[in-house]
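**Student:** The following block contains a protein sequence and its predicted model.
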Amino acid sequence: MKRYVDEISEASRSRRKLAYGRELIARGLRASLLVLVASDAAVRRFYRAQRRRQLGMLAALRARLGAKRRPVAEDAVLLFTLERTCDAIASGEPKDLGVAPGSVLEVVRARVRAQLE
């Protein structure tokens, strides 16, 4: 029995290491992307085009839901806020500040719901 418990414990440690490795890779990719957006005009154009696409998707989603139209500036701020908040969660910032990541996600969900009403 102990052998199985040890194997399960080792598998659990391996999964945590793998998840942490993926998190580090994701952070590195995100940081690299932001450097490229700041330094490369072609990447910046593509990135901005994706932003415009995201804004269009928010407007289309709101229309499908029958929600009232909102100024594009509100949707842009929502996207900026979501991105920064997700970056913070990915880097462990809420936890380091003594804030449960789950409670941060609840606030995010509430804000998105409010924006789509």
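**Tutor:** Okay, I see it.
**Student:** what's the neighbour count on Leu82?
**Tutor:** By the criterion of other Cβ atoms under 10 Å, Leu82 has 15 neighbours. Every C-beta, even on glycine, is put in place using the N, C-alpha and C of the backbone.
**Student:** Excluding chain neighbours, what is closest to it?
**Tutor:** Val108 (6.7 Å; Cβ to Cβ, 6 or more residues apart in numbering).
**Student:** Was I right to think that neighbour contacts Glu83?
**Tutor:** No - using Cβ atoms under 8 Å, Val108 makes no contact with Glu83, being 11.0 Å away.
**Student:** Compare these two (neighbour count), which wins?
**Tutor:** More neighbours surround Val108 than the other of Val108 and Glu83, with 16 against 13 (other Cβ under 10 Å).
**Student:** how about stretch 91-107: buried residues?
**Tutor:** Pro94, Val104 (16 or more other Cβ atoms under 10 Å).
**Student:** Next, the distance between the ends of that stretch.
**Tutor:** 18 Å (Cα to Cα, to the nearest Å).
**Student:** any idea how far Leu116 is from Ile89?
**Tutor:** Distance check for Ile89 against Leu116: by Cβ to Cβ, to the nearest Å, it reads 21 Å.
**Student:** next structured bit after the helix or strand containing Leu33?
**Tutor:** Assigned by DSSP states H and E, Leu33 belongs to helix 2-39. Once the chain leaves helix 2-39, the next helix or strand it forms, by DSSP H and E, is helix 41-65.
**Student:** now what about that following helix, what contacts it?
**Tutor:** Applying Cβ atoms under 8 Å, 6 or more residues apart in numbering, the contact partners of helix 41-65 are 33, 36-38, 68-70, 72, 75-76, 78-79, 115-116.
**Student:** From Thr85, how far out is Arg45?
**Tutor:** 26 Å.
**Student:** actually Ser103, not the one I typed
**Tutor:** 12 Å.
**Student:** Can you classify the residue nearest the centre of the chain as helix, strand or coil?
**Tutor:** Of all residues in the chain, the one closest to the mean position by Cα atoms, centre = their mean is Cys86, 3.4 Å from it. At Cys86 the chain is in helix, as set by DSSP: H, G, I helix; E, B strand; the rest coil.
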